[in-house]
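[1] Build me a structure from this.
(one chain, ligands or ions: 1)
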Amino acid sequence: MPPISRILLVLAAILMATPPAIAPVRAGTEIITAGPEAKQERAKPRRFLLTDTAGRAVTDQHFLGRYLLVYFGYTYCPDVCPTSLLTVSEVMEALGDRAASITPVFISVDPDRDTPEVLAEYASAFDERIVALTGPKAYVDAAVAAYNAYYKIVPDPNSPEDYTVDHTASLAFVAPDGRLITRFGYGQTTEAIVERVIEVLEADAKVN
Ligand code: NI
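    Coordinates of the predicted model:
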């Protein structure tokens, strides 16, 4: 076999062994999107219509012009949500004045238990700047789909009202035009997120 064919075979083997460009949620890593699928994923409009804790209808358009840190979860979550929202509050704190252009958004996928009162109290316990949203199931599902997120109710056979919810645990970082910049996987450190956010803010400031 001529050497060039052998090289091509080796290359083909390497390519086939490479995982797809958009991997599912990975713990402790930034979910970097690259390649053509990522371009599509970034360009996808993140449309939603939800309700804030004051009962007002809020759409994605409301946030245009602001950077968002979007997280899906529920207030009864035993550990993942509190850990993630604590990280969000630490990120906001560490960003100082830079946080002025960023809105953290917490979208509850459990509207049955997360009433506006419950949501307001929960979110503000982490950071007053967190905008907590939810809505009727169909609207929540649409928002989840818009962000390529996921959730699933896990029933508790012994106690129907004590169900848990499996859900996406990554934090979506959204640009002022509504496009996805990146996702921070569950377990990313506050420092790593802050560093990346500042990098983006500074790069955008240079362009604009
Ligand atoms: Ni959770």
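[2] what number of residues lie near the closest residue to residue 53 other than its chain neighbours?
    Once flanking residues are discounted, residue 53 sits nearest to residue 120: 3.8 Å by CB to CB, 6 or more residues apart in numbering. C-beta here means a position set from N, CA and C on the backbone, and glycine is covered the same way. Neighbours of residue 120 under the rule other CB atoms under 10 Å: 16.
[3] Doesn't residue 120 lie inside a helix?
    Yes: counting by DSSP: H, G, I helix; E, B strand; the rest coil, residue 120 falls inside a helix.
[4] From residue 75, how far off is it?
    10 Å (CB to CB, to the nearest Å).
[5] how about the helices in this protein?
    3-17, 36-43, 80-95, 116-126, 137-146, 190-207 (DSSP state H).
[6] closest to the ion out of these?
    Closest approach to the ion among the helices of the chain (CB to the ion): helix 80-95, 3.2 Å.
[7] that older thread, go ahead and confirm the residue nearest to residue 53 touches residue 131.
    No: judged on CB atoms under 8 Å, residue 120 makes no contact with residue 131 at a distance of 10.3 Å.
[8] what does this protein have sitting close to the ion?
    With CB under 5 Å from the ion as the criterion, the chain meets the ion at residues 73, 77, 80, 81.
[9] Show me what the first one is bridged to.
    It stands for residue 73. Note on residue 73: beta-bridge partners by DSSP bridges are residue 108.
[10] Tell me who's in contact with it.
    The contact partners of residue 73, by CB atoms under 8 Å, 6 or more residues apart in numbering, come to 80, 81, 84, 85, 106, 107, 108, 109, 165, 167, 169.
[11] Ok, residue 58 next?
    Residue 58 is in contact with 49, 50, 51, 52, 131, 133, counting by CB under 8 Å, 6+ apart.
[12] out of the residues you listed, which are inside strands?
    Counting by DSSP state E, the contacts of residue 58 place 49, 50, 51, 52, 131, 133 in strands.
[13] which of the residues you listed sit farthest apart?
    Greatest spatial distance in the ones in strands among the contacts of residue 58: 49 and 131, 14.2 Å, computed using CB to CB.
[14] What are the buried residues along stretch 88-102?
    Neighbour-count burial for stretch 88-102 flags 88, 89, 90, 91, 92, 94, 95, 99, 102 (criterion: 16 or more other CB atoms under 10 Å).
[15] And the average pLDDT for that stretch is what?
    For stretch 88-102, mean pLDDT is 98.
[16] can you start the count at 39 instead of 1 from here on
    I'll keep to 39 as the first residue from here, and by that count the last item is stretch 126-140.
[17] can you give me the end-to-end distance of it?
    For stretch 126-140, the first-to-last residue distance is 11 Å (CA to CA, to the nearest Å).
[18] That stretch: how far from the chain's middle?
    16 Å (CA atoms, centre = their mean, to the nearest Å).
[19] neighbouring contacts of it?
    The contact list for stretch 126-140 (CB under 8 Å, 6+ apart) reads 104-107, 109, 142, 164-165, 167-168, 209, 214, 228-229, 231-232, 235-236, 239.
[20] from the residues you listed, which would you call buried?
    Neighbour-count burial (16+ other CB under 10 Å) applied to the contacts of stretch 126-140 gives 105-107, 109, 142, 164-165, 167-168, 209, 228, 231-232, 235, 239.
[21] Closest to residue 183 out of those residues?
    Nearest member of the buried ones among the contacts of stretch 126-140 to residue 183, counting by CB to CB, is residue 109, at 16.0 Å.
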